[in-house]
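Visitor: got a sequence here, can you build the structure:
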Amino acid sequence: MWLVAALEKASNHMRSILCLHESVVTGACDGYARIAGKPAASLLHLGPGLGNGLCNLHNARRAGSPILVLVGDMSTWHKSADPPLNQDMESLASTVSGQIITVQSPDAVSAAVRQAVAAMQVRPTAAPAVSAPADPAAARSAATNGVRPLDMGAQAAAAVTSCPGSRVVTLMVPHDVSWTDAPDQNKQPDQSPPAAVDVGANAPNGNSRGPGLFTQHVRLADSPAACHFLKDCAAALRGAPQGKAALILGGAALLSQGGELQRAGRIASALGAKLLCEPLPGRIDRGAGMPQVTRIPYFPQEAAIELRKYEVVLLLDVRRPVAGFGYRDGPSQLLSQHDDMIWELDASWCVAEALELLEREVPGAAAVKPGVNCREIFAAGNIPALPTGLLTAASLCQTVAALQPADTIIVDESLTSGGTYWDVAKGCPRFTQLCLTGGAIGSGPPMATGAAVAAPTQQVINIQADGSAMYSLQSLWTQAREQLKVLTIICANNAYAILKVEAMRQRTGSNALTSLSGPEIDWVSLARGLGVPAGRADTADELAELIHQGLQQQGPFLIHAALTRG
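Guide: Alright, predicted model coming up:
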């Protein structure tokens, strides 16, 4: 309660938003970070509260989202008594946190927070920063040549490095620390920037659109080893037969703000290469005039067949693709090419600068113009026609694409119902799409909440599966309280359809435990009970009318889209 009271006192400097479940808190932080490009902070209560929030912290970790998880712990002198809510919080936090910091005294709180903020700005790598066939030793030096790590000085609190690669940082504050006055409580706070942490030649996600904590950055162009690596990479791509090279994009390479995605598109156009991404990317900027990126198929058998088409593969700010699950007789690793044909630029590189240098090594890339000589890599403007009649999953996707305004943020947790949206929306006015990156369902409504906080002037549309929406329904209350511009479209097929698909593929038979039809969920009543106006659509025409109504709202709106079974 001392931390809650402190947040209220700091209301002029920090916006505090109340959520009714920890998974909503952590999912909203994830959505905020993906859109704003900077950290959000969550306040959770003890181990059970942290446990409730882990599912969406898992998704945030997979998406590379920076989040400060502030967790209150038992008083230092009371913990040994093992009170009812006592739990091994460090073990829980270790599953998602890049660093876990325990504040040990009141005077260490401020420095500990600064240490946590600095830690969120980097993505530590457990593996070498560069992987390529040319010269592994020289390649590794490309990320560190001339870079001197910065000294953090004496640590403010006990810190444990736990989950490599995660930008989630957990800060644990014992109860008695929160109520005890620090010795220097009347001293003016230090206004100097936090100590910087350097991980080679890169800012997080390959861009520097965060709070700007990075110093001593060495340009790749000044590193002979990095330049040599990129020249060799370009030569390998140029040497592949037409249509036999692929660029697999992730992280910063899927963003347009710094021009990374556009550069990747020009390179692919000049090479006649394919642009690919993970089935569920954390964030991708899409629409007319943007490169068209093909998702690697979700199921591993189909994914492996697609990836076998290519002789040379370049991975940009993304790990090597693996199967989501281990199926009987199915593959684990999805790339079958020899290591000599796989080139990787991971999070230790500045992706924007690497793409700029790579573009110079690909003849004709800089001269590629969307709609002129781009080999149809860049999407042409094409808004689909409004469908009429039956409301199916496909007509739902087409209706959303036909009506979404420019600069919409699409939060996609549609699962089986949204399969056609990716293709039908490719020519829409530019928009941003967020996906269920970690696979832990229940992320859509919270992520839409955080995205709307990060971009209050943009329309957020959450295309949401009905089963997973029940995991975090409380998000609607926060959207109503904060009057967030979120349009939620519930794809009501009254089933855990993804489980039915899995059962069919694995031939385990159908199961009554995948049905949500007894009783059917009344989403209009649920939404209204939480303060969100809502309506039900049984046809594609009614859906279009309700989307028009929802887009005119200054706050949230929900549509129960009753999909035709079949």
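
Visitor: my guess is L434 contacts I409, does it?
Guide: Yes - in terms of C-beta atoms under 8 Å, L434 counts as a neighbour of I409; the distance is 6.9 Å. Every C-beta, even on glycine, is put in place using the N, C-alpha and C of the backbone.

Visitor: list residues touching both of those two?
Guide: Common contacts of L434 and I409, defined by C-beta atoms under 8 Å, 6 or more residues apart in numbering, comprise I35, A451.

Visitor: as a check, name the ranges of all strands in the stretch 301-450 of the chain.
Guide: Using DSSP state E, counting those that start in this stretch, the strands assigned to the stretch 301-450 of the chain run over residues 312-316, 342-345, 409-413, 431-435.

Visitor: go through those and name the closest to Y298.
Guide: Ranking the strands of the stretch 301-450 of the chain by proximity to Y298 (C-beta to C-beta) places strand 431-435 first, at 11.1 Å.

Visitor: just want the angle from the closest one to strand 409-413.
Guide: 20 degrees (axes from the mean of the first three to the mean of the last three C-alpha atoms, to 10 degrees).

Visitor: just the CA trace of strand 431-435, in PDB.
Guide: Taking Å, rounded to 0.1, in the frame of the first residue of the first chain, the C-alpha atoms of strand 431-435 are listed here in PDB:
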ATOM      1  CA  PHE A 431      -1.400   0.200 -40.300                       C
ATOM      2  CA  THR A 432       0.400  -1.700 -37.500                       C
ATOM      3  CA  GLN A 433      -0.300  -5.200 -36.500                       C
ATOM      4  CA  LEU A 434       0.500  -6.800 -33.100                       C
ATOM      5  CA  CYS A 435       0.300 -10.600 -32.800                       C
END
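
Visitor: which SSE is immediately downstream of the strand or helix carrying L57?
Guide: L57 belongs to helix 46-63 when assigned by DSSP states H and E. Moving toward the C-terminus from helix 46-63, the next helix or strand (DSSP H and E) is strand 67-73.

Visitor: parallel or antiparallel, which strands does that next one pair with?
Guide: Its sheet considered, strand 67-73 pairs with strand 40-45 (parallel), strand 168-174 (parallel) by DSSP bridges.

Visitor: out of the strands of the stretch 301-450 of the chain, which one sits most buried?
Guide: strand 409-413 (a mean of 27; mean count of other C-beta atoms under 10 Å).

Visitor: just the pLDDT for the residue lying closest to G258 once chain neighbours are set aside.
Guide: Computed as C-beta to C-beta, 6 or more residues apart in numbering, the closest residue to G258 that is not its neighbour in sequence is A352, at 4.7 Å. Per-residue pLDDT puts A352 at 92.

Visitor: wait, A352 sits on A252?
Guide: Yes - judged on C-beta under 8 Å, A352 makes contact with A252 at a distance of 6.7 Å.

Visitor: in terms of neighbours, single out the busier of those two.
Guide: Counted by other C-beta atoms under 10 Å, A352 and A252 do not tie: A252 has more neighbours, with 30 against 22.

Visitor: got the contact list for the closest residue to D522 other than its chain neighbours?
Guide: Distance criterion C-beta to C-beta, 6+ apart; nearest residue to D522, sequence neighbours excluded, is H560 at 7.6 Å. H560 makes contact with I490, A492, D522, W523, V524, A527, A534, G535, R536, A537 under the criterion C-beta under 8 Å, 6+ apart.

Visitor: now G531
Guide: L476, W477, A480, R481.

Visitor: in the helix holding L57, what's buried?
Guide: 46-50, 52-63 (16 or more other C-beta atoms under 10 Å).

Visitor: run through the stretch 1-150 of the chain and note the low-pLDDT ranges.
Guide: The stretch 1-150 of the chain contains residues with pLDDT under 70 at 123-150.

Visitor: how about the helices in it?
Guide: Remark: helices assigned in the stretch 1-150 of the chain by DSSP state H, counting those that start in this stretch are 2-9, 22-36, 46-63, 89-93, 109-120, 136-142.

Visitor: got the contact list for stretch 388-395?
Guide: The contact list for stretch 388-395 (C-beta under 8 Å, 6+ apart) reads 387, 416-420, 491, 493, 537-543, 561-564, 566.

Visitor: most tightly packed of the strands paired with strand 67-73?
Guide: Stretch with highest mean neighbour count among the strands paired with strand 67-73: strand 168-174 (a mean of 26; mean count of other C-beta under 10 Å).

Visitor: so where is the stretch 301-450 of the chain shaky, pLDDT-wise?
Guide: In the stretch 301-450 of the chain (pLDDT under 70), no residue qualifies.

Visitor: can you map out the helices along it?
Guide: 351-360, 393-403, 421-424, 444-454.

Visitor: so which elements touch the shortest one?
Guide: Going back to what we said before, that points to helix 421-424. Helix 421-424 is packed against helix 393-403, with contacts defined by 3 or more C-beta pairs under 8 Å, 6 or more residues apart in numbering; DSSP states H and E.

Visitor: burial count for M447?
Guide: Neighbourhood size, M447 [other C-beta under 10 Å]: 38.

Visitor: contact partners for P429?
Guide: G287, A288, G381, I383, Q404, P405, A406, D407.

Visitor: buried subset of those residues as a PyMOL selection?
Guide: In PyMOL syntax, the buried subset of the contacts of P429 is picked out as below (16+ other C-beta under 10 Å):
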select buried, resi 287+288+404
